[in-house]
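Asks: any chance you could fold what I've pasted below:
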Amino acid sequence: MKTENITRITLEDAIRRKGEGKTDWERLRREEAAGIEPEKDPDEGEFDWSRAQVTMPRPKQAVSVRLDADVLDFFRAEGRGYQTRINAVLRGYMKAHQS
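Replies: Numbers count the residues shown, from 1 in each chain. Below you'll find the predicted structure:
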């Protein structure tokens, strides 16, 4: 996670802000009580679930790999999911060399 995306607040502010958001819940409750349907998002298309296909990924295999300490430190410093990122880099290399 990049530090510019981190917002720090005090515990008191977090407690005070709990439940705050940009949604006008009261308006939505009034419209629901009046039977008014929410407007459809024009960017949101309909999905035909009758033709949906699900392909389950193969399970990952546990392996022991020796990596240089600085390489491992680099990926770990990026935060959670570092193993997934290492896998993505290896996959990119694999695909580049398959073509």
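
Asks: residues touching stretch 62-76, excluding its own?
Replies: For stretch 62-76, contacts defined as C-beta atoms under 8 Å, 6 or more residues apart in numbering pick out 82-83, 85-86. To be clear about C-beta, it is placed using only N, CA and C from the backbone, and glycine gets the same treatment.

Asks: what subset of the residues you listed is buried?
Replies: residue 86 (16 or more other C-beta atoms under 10 Å).

Asks: among the contacts of stretch 62-76, which two are most distant?
Replies: In terms of C-beta to C-beta, these reach their longest pairwise distance at 83 and 85, which sit 7.3 Å apart.

Asks: related to what we said a few turns ago, of the contacts of stretch 62-76, which belong to helices?
Replies: Using DSSP state H, 82-83, 85-86 are the members of the contacts of stretch 62-76 that sit in helices.

Asks: residue 42: which of the residues you listed is nearest?
Replies: Closest approach to residue 42 among the ones in helices among the contacts of stretch 62-76 (C-beta to C-beta): residue 85, at 35.1 Å.
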